[in-house]
Each structure stands twice: as structure tokens, then as C-alpha cells.
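Colleague: Have a look at this prediction, sequence included:
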Amino acid sequence: MSLPPYPADPSQGGEAGQPEVPPMPVYAQPQPAPGGSHPQPPAQQHFALPPRPAKVRGGGMTWWQGLLVGVAALLAVALPASGVAIYAGNARLISDRQAVAAFTPADNISALVERTGMNDVGTFLFYTSHPELNTATEFNTACGIRPEQYLLGCYTGRTIHLYDVTEKRLDGLREVTAAHEMLHAAFDRLDRASQDRLGVLLEEAYTAHGDDPELAERMDAYAVSQPGTRVTELHSIIGTEFSELSPELEQYYGQYFDDRSVVVGMHAAYVKVFTDLETQATDLTNQILALADEIDADTLAYNADQTQLNADIEAFSAKNQSYGYSGNQAGFDADKAALIARDSELLTRLNGINEKKGRLGDLQQQLRDLDADAQALNRSIDSTIVPGEGI
């Protein structure tokens, strides 16, 4: 910033006998971004929690031939307080034992069983449906998945198919899906009285978790896409995802797991990956909006003060050119110093605004990167959009 020197007399001036006054620099005012007052943050992404495995009902049941497998304890397993055997009849048990005898689990299936903590009964029921880990194409074909569906596993009434999710950060997701589908097979084998009794207990558990809007949305979705499956879906969801259940339900699910908390813990771990991303996105979005508001306010104040300074500089120069400071060196020096100080302060503020804009850009990029990460996670569990596969 350059202001004129104090004139002692007209001879110090130019051709007109007045002091030459270099123009006061006028800094460009920060301008709004096209289309708005500041660069707007991207819309917050709402990151969907991984879809819970859903059962797809098949038609009539046919069973493969085989030999006897000894899980005789199945005959004695009963729902607490009902006294009704888990199997409605011995014919079903015989066909199941034949199916298991004919099944040799692949190593990846055996590993799922081991990690979920299924006991002999749970393992037996899982193997009756000859479970498979499938690629996207295999899974979509076996389960009849349509593009608008979003599933991780299906129990057809004869077979269990699991989408082979390989994203390392979602460790445990395949295991939880396997346990979920196994519980569908278990429910399918309960007699009507046992299913009805379980329905009461499961609705009580659902009510106890009534503050979970995500659960309510899932159950509403099942009511639309698979009407009539509410109880069996609750049976699988509650058994694999809820840690605090009534003693009666804990005793019931204890028929299928050595330690049910293992599979519940796996579910909590992979869901946390998604909720952490959502929390980070929310935090970044709040930071972006707050910083953008600061930039707006700072820019508005800066522009007003810069306009006023420019006007005051013009007034100072006009006063000086008209010899308004003649004989008043102290007044000239004080006014000039004040203008210089204001100019310096505005420059500092302008640099601060630009620094905030840089930070805003960094935060926006972080949010875009987070969104891309969330989309990649969602793609990893959606069989219908895997490149080169799907239907």
C-alpha cells in the first residue's frame, strides 16, 4: 500500500502544483462460487448397513438319497415350555439324515461352521441344505435374485446359497449369513405349535428393541417383498444379531450354538464398519457446513470493510490533494497510518479466507473419498452389480 507524502507547499506537487498521489491498491474482493455463495459440500451420503440375509421360499421339498448320519439328539430337542419335538415327524428326520450323509462340505463351508460356533445340531441342520458359497452369477441364478434385490443368502427350502463376499473389512459377514440361513432351516422343521410359541417370544424380543428404526424398516421390507415370513425372519435375525434375549429364547437358541455370542459379535463387528463410515461422513459434513458458513460470513464482512476502506482512501487522497493537511503533519501521519493498518488487517483477513477455502476443499475431498469407500463396500456385498457378473 502506498500513500502520498505530506506536502510542505505546492511546489512539491506536479504540474498543477498539487502532490502526486499514487493510487491506493484495491484488492479483489472474494467472489462467490458460481451457483452459490461458496463451494457447496457434496450431499451427505447415507451409508446403508449391510443387508441382512433374507430367505427366499422355494416350492415343494425333495430330498437326496444317502445313508444314516448319527445326530440322534435331534429327536429329543424340544422348544422350552412347549414340550414339542423340534421335528414334526420322523420322516423328515430320516430324509435329513440321508441328505447329510450324501453331503461332503467344501473346506470353505466347514470353516464357516467352525467360526460360527454351531454345535452338532446346528451343523446338521446347515448341512441338510447342502450349503454353497457362490459367485455373483451362481448366487443370482440359484436364488432368483433380481436387480432390485439386495441379498446375501437364501434358503430355498432345499438348499442354502451364500454370496461369497471377499471384502476383508467385512470379516464375519459370510458366517453370520450362514447362521441366519441355518436358522431358517431349523424353523422350517419346527411343528406348528413350536412355531407359534416362538412367534410370541420373538415378538416380545422385537418389542424390546423397538427403538431400532433400522430393524423396523427391515421387517417392513420383508412384509412387502416376502409376506408371511415375519416370524421366520425374526427367528433368524434375533438369533444371530441380538445379544440380550430372554432366558427362554437363550435356552432355545442354545440348541444350535455352542456359544451364540460368537456369531452376534461377528455381526456387530462388520456392522460397525458401516456405522463408522456413516459417523465419519456425518462429522465431515458438519465440519464442511460450519466452515462454509464461516467463509460466507467472513467474505461478507471483508467485502463491506474493503469497500469502506477504498472510500476512505479516496477521501484521504482528495483531502490531501486539496491541501487539507497543510500545517497538520501529525493529522496527516495519523490518518495515513490508520489507513495502512486497516489495509494490512484486511490483507490478513483475505489470506485467512483463502486458507479456509483451502481447508474446505480438503474436507470436501475427504468426504468424496469416504463416499467412494462406502460405495465400494456396498458393491462388495451386492451380487447384482459385480462387474462382469450378475443378472
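Modeller: Sure, I can see it. Numbers count the residues shown, from 1 in each chain.

Colleague: Spatially, what comes nearest to N119 if we skip its sequence neighbours?
Modeller: D258 (4.8 Å; CB to CB, 6 or more residues apart in numbering). In this view, the C-beta of every residue, glycine as well, is placed from N, C-alpha and C.

Colleague: Count the residues that sit near that neighbour.
Modeller: 12 (other CB atoms under 10 Å).

Colleague: Run through the residues that contact it.
Modeller: Residues in contact with D258, defined by CB atoms under 8 Å, 6 or more residues apart in numbering, are G117, M118, N119.

Colleague: Now it, what are its backbone angles?
Modeller: With angles defined as degrees, to the nearest 10, D258 sits at phi -70, psi -40.

Colleague: Check the contacts of D258 against N351 and report the nearest one.
Modeller: Of all those, N351 sits closest to G117, with 60.3 Å by CB to CB.

Colleague: Report how many residues lie close to the closest one.
Modeller: Here the count is done by other CB under 10 Å, and G117 has 19 residues near it.

Colleague: Can you name the helix or strand that the closest residue in space to it that isn't next to it in sequence falls in?
Modeller: Nearest non-adjacent residue to G117, counting by CB to CB, 6+ apart: V262, 4.0 Å away. Following DSSP states H and E, one finds V262 within helix 260-321.

Colleague: chain center to the next helix or strand after that helix: distance?
Modeller: Remark: after helix 260-321, the chain's next helix or strand is helix 329-380, criterion DSSP H and E. Computed by CA atoms, centre = their mean, to the nearest Å, the chain-centroid distance of helix 329-380 equals 30 Å.

Colleague: what does stretch 122-134 give?
Modeller: With CA atoms, centre = their mean, you get 30 Å for stretch 122-134.

Colleague: what's the answer for stretch 92-99, then?
Modeller: On CA atoms, centre = their mean, the centre of stretch 92-99 falls 42 Å from that of its chain.

Colleague: can you tell me the average pLDDT over it?
Modeller: Taken as a whole, stretch 92-99 carries a mean pLDDT of 91.

Colleague: those helices in the stretch 51-200 of the chain, which residues are they?
Modeller: With DSSP state H, counting those that start in this stretch, the ranges of helices along the stretch 51-200 of the chain come out as 90-101, 107-116, 120-128, 136-143, 173-188, 192-208.

Colleague: Could you dump these into TSV with mean neighbour count and distance to I340 added?
Modeller: Below are the helices of the stretch 51-200 of the chain laid out as TSV (neighbours: other CB atoms under 10 Å; distance: least, CB to CB, whole Å):
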stretch	mean neighbour count	distance to I340
helix 90-101	17	91
helix 107-116	17	73
helix 120-128	23	82
helix 136-143	20	69
helix 173-188	27	65
helix 192-208	16	71
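
Colleague: I'd like those helices as TSV, with distance to D371 appended.
Modeller: Output for the helices of the stretch 51-200 of the chain, formatted as TSV (distance: least, CB to CB, whole Å):
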stretch	distance to D371
helix 90-101	45
helix 107-116	31
helix 120-128	37
helix 136-143	23
helix 173-188	21
helix 192-208	33
